[in-house]
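Visitor: Please work out how this folds:
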Amino acid sequence: MVMEVSTSEEGRLAALNRLTAALVAPIESLDHILELARISIAPMVAISIVDRHAEIVLAATGLSYRRVERDRSLATLSIGLDQPLAIENVATDPRCSSLECSPGGASVGSCLVAPLQTADGYVIGALQVMDNNARVFGEREMALAGHLADLVMSELVSHQPGEADYLTGALTRRSFRAEVDREYARALRYDRPATLIFVDIDGFHRVNTAFGAEIADEVLKSVANRAAECLRTTDRLGRLGGEEFGMLLPETMAYEASQCAERLREEISGLRFRYSGKVVSVTASFGIAPFDSRLRSPIQWFAQADIALYESKKAGRNCVSFAALPQATDPVSEEGDPIRPLGMH
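Guide: Below you'll find the model as predicted:
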């Protein structure tokens, strides 16, 4: 399926990925912010992020919903705002006519939506303070909601990975390698499946040369965003350098990983970027390396995925290849990367 890319939305999603990559468990401090908002403004409060398809609630009090489709979400009203928005009567406000106004069965009469904004200006979600009845929110309550939204952002920033790629939101190569090391030890000790996938954008250097760094960055963000959306909270995405990414899938068999890779390959091939009246498209090649107890080290596992990626390049690009069974003679450099011919990309 061909998909037009919204560059501003891809940047927003990359910022969201950067901040939420490590949110695999609730953040206790968000509960304190909820309580302050409940006591000071209104009885129902939710802290939400908005991804490509849905509003996902990170924490809430006074209501119980956890997910609402994006096109029906009150939190979506925050996208593009730089200050809180007051909806004094949800039932009569035309902006709410098609939105979900009874989350978790709790009827919302009025709502104060404060955007969660990153330092580079992207809104990734909202602090929503809701009342059962229609009401007017005063200047003090508006200011307090904005302040509490800033506190939420501070908490999210403090929990983001120590090393995240600022452009794409993926882990840096160093952080990703550390995750691979840990998963190798876990899979070996407990005899559990895991799979490593490497992704390389085909012809990326030509895109960079022909259209410049701006469109090249949009391609990187879009590919990283699509990859992140394919993954579970227990999976990891890393930017290995330039246009190459790694995906670590614990508890995943090879055939399951190949299904994920094929879906992502098709999505990437369907992306279309408009630039100066021209349409730019890209494809990607994939290398899959299932964990095998015969692997001597995480470095060899890393090398197996890289060699499989090279096989996809040799096969004509825009395809998925599997690593061969690990061999003791696989050549590996001091950095832990396979020795492969120059000019692969």
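Visitor: Return the helix or strand where residue 32 lies as PDB; C-alpha atoms alone will do.
Guide: Using DSSP states H and E, residue 32 sits within helix 28-40. Below are the C-alpha coordinates for helix 28-40, written out as PDB (Å, rounded to 0.1, in the frame of the first residue of the first chain):
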ATOM      1  CA  GLU A  28       5.300   6.100  40.100                       C
ATOM      2  CA  SER A  29       5.900   9.800  40.100                       C
ATOM      3  CA  LEU A  30       3.100  10.300  37.500                       C
ATOM      4  CA  ASP A  31       0.600   9.300  40.200                       C
ATOM      5  CA  HIS A  32       1.600  12.200  42.300                       C
ATOM      6  CA  ILE A  33       1.000  14.600  39.400                       C
ATOM      7  CA  LEU A  34      -2.400  13.000  38.900                       C
ATOM      8  CA  GLU A  35      -3.300  13.600  42.500                       C
ATOM      9  CA  LEU A  36      -2.200  17.300  42.400                       C
ATOM     10  CA  ALA A  37      -4.400  17.800  39.300                       C
ATOM     11  CA  ARG A  38      -7.300  16.000  40.900                       C
ATOM     12  CA  ILE A  39      -7.200  18.000  44.100                       C
ATOM     13  CA  SER A  40      -6.500  21.400  42.500                       C
END
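Visitor: in that helix, what's buried?
Guide: By 16 or more other Cβ atoms under 10 Å, the buried positions in helix 28-40 come out as 30, 33-34, 37. From N, CA and C alone the C-beta is placed, and that goes for glycine too.
Visitor: I'd like the average pLDDT over it.
Guide: Rounded to a whole number, the mean pLDDT of helix 28-40 is 93.
Visitor: residues in contact with that helix?
Guide: Contacting residues not belonging to helix 28-40 are listed as 44-45, 47, 58-62, 127, 129, 141, 144-145, 148, 151-152, 155 [Cβ atoms under 8 Å, 6 or more residues apart in numbering].
Visitor: Helix 28-40 and whichever helix or strand comes after that helix, what's the angle between them?
Guide: With elements assigned by DSSP H and E, the helix or strand that comes after helix 28-40 is strand 44-50. Put simply, strand 44-50 runs at 140 degrees to helix 28-40, going by axes from the mean of the first three to the mean of the last three Cα atoms, to 10 degrees.
Visitor: Which secondary structure elements does strand 44-50 sit against?
Guide: In this structure, strand 44-50 packs against helix 7-20, helix 28-40, strand 54-61, strand 123-131, with contacts taken as 3 or more Cβ pairs under 8 Å, 6 or more residues apart in numbering; DSSP states H and E.
Visitor: closest one to residue 181 among these?
Guide: With Cβ to Cβ, the closest approach to residue 181 among the helices and strands packed on strand 44-50 belongs to helix 7-20: 22.2 Å.
Visitor: before we move on, the earlier item: can I get the buried residues of helix 28-40 in CSV including distance to residue 176?
Guide: Shown next, in CSV, are these (distance: Cβ to Cβ, whole Å):
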residue, distance to residue 176
30, 27
33, 31
34, 33
37, 36
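Visitor: Relative to residue 280, which of those residues is nearest.
Guide: residue 30 (39.9 Å).
Visitor: how close does the closest one sit to residue 281?
Guide: Look at residue 30 and residue 281: by Cβ to Cβ, to the nearest Å, they are 40 Å apart.
Visitor: Also residue 185?
Guide: 40 Å.
Visitor: what do you get for residue 137?
Guide: Counting by Cβ to Cβ, the gap from residue 137 to residue 281 is 47 Å.
Visitor: Settle it for me: which of those two has more neighbours?
Guide: More neighbours surround residue 137 than the other of residue 137 and residue 281, with 21 against 14 (other Cβ atoms under 10 Å).
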